[in-house]
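Participant: Just a sequence and a predicted model for now, questions to come.
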Amino acid sequence: MKRLQLQRWSSSVLSPRARAGSRLHQQLYSTGLRLQSTASPLQSETSIPDDVEHVDIGDPGMMRHVRRVHKRKTQLQYPSPPVDAAIKSPKLAALHARLYLPSRLPVQTLARTLVDASADRNADFNNEALATLGHDLLTHYTSEHLLCNYPRLPLSVIFAAMYAYVGPKTLAAMTKEWGVDWATVPGGEVDPGLLQFKRIDPGTKVDEVSQLQSPRPYAAQKGWRMTVSSKIFYDDEFGDAIKGSAASNEGVTTEMASATFVRAVMGAIYLHAGRPAAKRFFEQHILSRHLNISELFNFSQPARDLARLCARENFEPPVAKIVSETGRKSRHPVFVVGVFSGQDKLGEGAGASLAEARERAALAALKGWYLYSPLNPRVPSSMEEEGAAPWKPAHVDVGEVIV
Amino acid sequence: MAASIAAPKRPFLTLPFLLPSWTDSLSLGAKRHQSSYRRTKQRLRVKPDASFGPSQQGRDQIIYNPPSSAPSVYHTPSKFLPINDVRRAMRADTPSGPNVNELPSVHKTEAERKYHLTPADIEEIRKLRLNDPMTWSRHKLAKRFECSPIFIAMVCEASPEKKQIQKQVLEAVQSRWGPKRRMAREDRKLRREAWGRDE
């Protein structure tokens, strides 16, 4: 990469000291300007205060180096940045402005949402409480949105959609999109605008579920069947087994820390700016993400399921008829098959064989049933707004087809 | 060689890629200004193809615009709408499609459902299959009792020994398959699974 060459005529816009051209970076070093997260080797300190000693952060070599070279030793006695450092951080101010957060949310709280419980175990300074509140709000708003918009969705699809909207992977992607970077090692001296957490040791099995923590009875029985409806009672919002709380000195993955941060931001907005601001934030950042729910379905025998559905709803049994076809005797025929119940068409599918077209038509009919959406659906939390219209009961369906 | 020496037919300035790079800012049309915006926009204003017009409707044609596509699954069929849904009444007077009874069926012959088997027959089916599974296979039982093999599978199950024998037979057959046939079978299975995901 070429170095930036300052032109001769640019002298009027530059200060005389910075005009040194290629020696620009020397200028920066000589003034002693340094970032909080970097450690300049130019500075040498002689004495180490005793209160630094009890701070335990992962890598001892790194810690020793930081202690030796750091200017502000008083900050090292805390596991996370002090509160007054938040005002001075340009990263935090930029994040606050970028997310268009309400001005009632102070940067100090935003700094607190960036401190994971694995970095600072003191509940007064980490984001655990905020994240718990934010997680409840996010899952509540998402589930009521899904249930009111698509009242007939099967439970497994609801779980998948919940995971797609507010699952840890999505929240981690949002953190990346928001431009939040993370500190390599947490500590009192790092910039409060960085996400701070203690990393999990490499090689640790993340997905392992500790059976002792699971509320499910007979959880240790591997071969036992787990019904989808039992997941409502025993498992979390995404239908996954509840994991036990991590051991106190274990770290977390980047994904988990990022997800906790987004949840904490949601909780902080709710506490500082109130319910409408939290709802707006949810709509702008979570609901605005495009999710095609029709792609979450997976049927093994759609024709059989459709027959069961029609029998349950007292419709005439479904009949597959060829609507149109081309090239039956050729190498690439196309059949368009419609599934009819009486004179009404339930679904239509195209395929290279009659069996495929019939299967796809039954699938389209089933999706047509499950993806029913009422006109102008309202969610229960919309009643919390000022001057809301009287509540009309939402459509509640009898449930999915059980074969 | 002669072709390269021959003078270009178009004026040099309209072929900007022939010019050296320092002349980029000088060449015409390289930048859009307020004065050239309208001309650029006008050039982009293309007349739609004739097939988009309404005049094509009645005639025989092979070009359909917009091209046909699968109906959206978010469009709930009228039969699936709840009784109190407004859309049911709105769609009531839309003309229905072709008569369903006139459309050809997917199956060549519609299997007639007889419902003629009694509990005593079913008991006999179970007894036959349990006692002599080699003679009384599903298909032979279906032929004798005039029902479908699926019905036989619904009312009784083969004994574990018969299942074991059948599994060995299948393995013996599959061991003679070459890589081509094996891969073709696997692909067929994967394609079939893709139908259920609507891919």
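Facilitator: Here it is on my side, so go on. Numbers count the residues shown, from 1 in each chain, chains lettered A, B, ... in the order given.
Participant: From here on, just use CA atoms for contacts and neighbour counts.
Facilitator: Will do.
Participant: I'd like the next helix or strand past the least confident helix or strand in chain B by mean pLDDT.
Facilitator: When the helices and strands of chain B are scored by mean pLDDT, DSSP states H and E, helix B:2-5 comes last with a mean of 44. For helix B:2-5, the following helix or strand on the C-terminal side (DSSP states H and E) is helix B:34-44.
Participant: Based on its surroundings, how many neighbours for residue 121?
Facilitator: Answering for chain A, as no chain was given. Number of residues near residue A:121 (other C-alpha atoms under 10 Å in any protein chain shown) recorded here: 17.
Participant: Correction: the question concerned chain B.
Facilitator: Residue B:121, neighbours per other C-alpha under 10 Å, totals 12.
Participant: Moving C-terminal from the helix or strand encompassing it, which element do we reach first?
Facilitator: Counting by DSSP H and E, the element that carries residue B:121 is helix B:119-131. Sequence order places helix B:138-145 as the next helix or strand after helix B:119-131, per DSSP H and E.
Participant: tell me which residues of that following helix are tucked away?
Facilitator: B:138, B:141-142, B:145 (16 or more other C-alpha atoms under 10 Å in any protein chain shown).
Participant: And stretch B:147-164, by the same measure?
Facilitator: Result for stretch B:147-164 [16+ other C-alpha under 10 Å]: buried residues B:147-149, B:152, B:156, B:162.
Participant: Mind checking the pLDDT average for that stretch?
Facilitator: The average pLDDT for stretch B:147-164 rounds to 90.
Participant: one step back: could you export the helix holding residue B:121 as PDB, CA atoms only?
Facilitator: Output of helix B:119-131 as PDB, limited to C-alpha atoms (Å, rounded to 0.1, in the frame of the first residue of the first chain):
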ATOM      1  CA  PRO B 119     -62.800 -58.000  11.900                       C
ATOM      2  CA  ALA B 120     -62.800 -61.800  11.200                       C
ATOM      3  CA  ASP B 121     -60.900 -61.200   7.900                       C
ATOM      4  CA  ILE B 122     -58.400 -59.100   9.700                       C
ATOM      5  CA  GLU B 123     -57.800 -61.800  12.300                       C
ATOM      6  CA  GLU B 124     -57.200 -64.200   9.500                       C
ATOM      7  CA  ILE B 125     -54.700 -61.800   7.800                       C
ATOM      8  CA  ARG B 126     -52.800 -61.600  11.000                       C
ATOM      9  CA  LYS B 127     -52.800 -65.300  11.500                       C
ATOM     10  CA  LEU B 128     -51.600 -66.100   8.000                       C
ATOM     11  CA  ARG B 129     -48.800 -63.600   8.100                       C
ATOM     12  CA  LEU B 130     -47.600 -64.700  11.500                       C
ATOM     13  CA  ASN B 131     -47.700 -68.400  10.800                       C
END
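Participant: For that helix, could you pull out the residues that count as buried?
Facilitator: Buried residues in helix B:119-131 (16+ other C-alpha under 10 Å): B:125-126, B:129-130.
Participant: Would you mind measuring from residue B:102 to residue B:90?
Facilitator: 27 Å (C-alpha to C-alpha, to the nearest Å).
Participant: cool, and residue B:122?
Facilitator: Counting by C-alpha to C-alpha - residue B:122 and residue B:90 are separated by 50 Å.
Participant: go on, residue A:371?
Facilitator: 19 Å.
Participant: These two: who's more crowded?
Facilitator: Using other C-alpha under 10 Å as the criterion, residue A:371 and residue B:90 rank with residue A:371 on top: 21 against 10.
Participant: Surely that one and residue B:74 touch.
Facilitator: Yes - here residue A:371 reaches residue B:74: they are 6.0 Å apart, a contact under C-alpha atoms under 8 Å.
Participant: Apart from its neighbours in sequence, what residue is nearest residue A:251?
Facilitator: In space, and not counting its chain neighbours, residue A:251 is closest to residue A:200: 3.9 Å by C-alpha to C-alpha, 6 or more residues apart in numbering or on different chains.
Participant: Which residues of chain A lie near chain B?
Facilitator: Neighbours of chain B within chain A, by C-alpha under 8 Å from any C-alpha of the partner chain: A:294-302, A:320-323, A:337, A:340, A:342-350, A:354, A:356, A:358-360, A:363-365, A:367-369, A:371-372, A:374-375.
Participant: one more time with 7 Å
Facilitator: A:297-300, A:320-323, A:343-344, A:346, A:354, A:360, A:364, A:367-369, A:371-372 (C-alpha under 7 Å from any C-alpha of the partner chain).
Participant: For residue A:363, list the residues it contacts.
Facilitator: residue A:302 (C-alpha atoms under 7 Å, 6 or more residues apart in numbering or on different chains).
Participant: so it sits in a strand?
Facilitator: No - in this structure, residue A:363 is helix, not part of a strand, as judged by DSSP: H, G, I helix; E, B strand; the rest coil.
Participant: Domains in chain A, by residue range?
Facilitator: For chain A, the structural domains run A:33-77, A:85-294, A:302-381, going by automatic domain parsing.
Participant: next one: chain B
Facilitator: B:115-157, B:159-199.
Participant: ok, the first one near chain A or not?
Facilitator: No - no part of domain B:115-157 sits near chain A under the criterion C-alpha under 7 Å from any C-alpha; the closest distance found is 13.1 Å.
Participant: roughly how far is that domain from the heart of the chain?
Facilitator: Distance of domain B:115-157 from the chain centroid (C-alpha atoms, centre = their mean, to the nearest Å) equals 36 Å.
Participant: End to end on it, go ahead and measure it.
Facilitator: By C-alpha to C-alpha, one end of domain B:115-157 lies 20 Å from the other end.
Participant: And the shortest one, by the same measure?
Facilitator: With C-alpha to C-alpha applied, domain B:159-199 spans 38 Å between its terminal residues.
Participant: what comes into contact with stretch A:394-403?
Facilitator: A:148, A:151-152, A:154, A:305, A:308-309.
Participant: Among the buried residues of stretch B:147-164, which ones are in helices?
Facilitator: The members of the buried residues of stretch B:147-164 that map onto helices under DSSP state H are B:149, B:152, B:162.
Participant: Closest one to chain A out of those, please.
Facilitator: residue B:149 (16.6 Å; C-alpha to the nearest C-alpha).
Participant: how about the contacts of stretch A:394-403, which pair is most distant?
Facilitator: The largest distance within the contacts of stretch A:394-403, taken as C-alpha to C-alpha, falls between A:148 and A:308 and amounts to 24.8 Å.
Participant: For residue A:194, the count of nearby residues, please.
Facilitator: With other C-alpha under 10 Å as criterion, residue A:194 counts 21.
Participant: so what's it scoring on pLDDT?
Facilitator: Looking at residue A:194, the pLDDT reads 95.
Participant: Is it in contact with residue A:183, as I believe?
Facilitator: Yes - contact criterion C-alpha atoms under 7 Å: residue A:194 and residue A:183 qualify, at 5.6 Å.
Participant: From chain B, how far out is the closest residue to residue A:79 other than its chain neighbours?
Facilitator: Spatial nearest neighbour of residue A:79, chain neighbours left out: residue A:187 (4.7 Å); criterion: C-alpha to C-alpha, 6+ apart. Distance of residue A:187 to chain B, given as C-alpha to the nearest C-alpha, to the nearest Å: 48 Å.
Participant: Give me the contact list for the top helix by length along chain B.
Facilitator: Secondary structure of chain B per DSSP H: the longest helix is helix B:179-196. The contact list for helix B:179-196, computed with C-alpha under 7 Å, 6+ apart, reads A:298-300, A:360.
Participant: Are any of the residues you listed buried, and if so which?
Facilitator: Using 16+ other C-alpha under 10 Å, the buried ones in the contacts of helix B:179-196 are A:298-299, A:360.
Participant: Kindly reformat those as a markdown table containing distance to residue B:37 and pLDDT.
Facilitator: Compiled in a markdown table, the buried ones among the contacts of helix B:179-196 are given as follows (distance: C-alpha to C-alpha, whole Å; pLDDT from 0 to 100):
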| residue | distance to residue B:37 | pLDDT |
| --- | --- | --- |
| A:298 | 50 | 94 |
| A:299 | 53 | 93 |
| A:360 | 49 | 96 |
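Participant: Right, I'll call it a day here.
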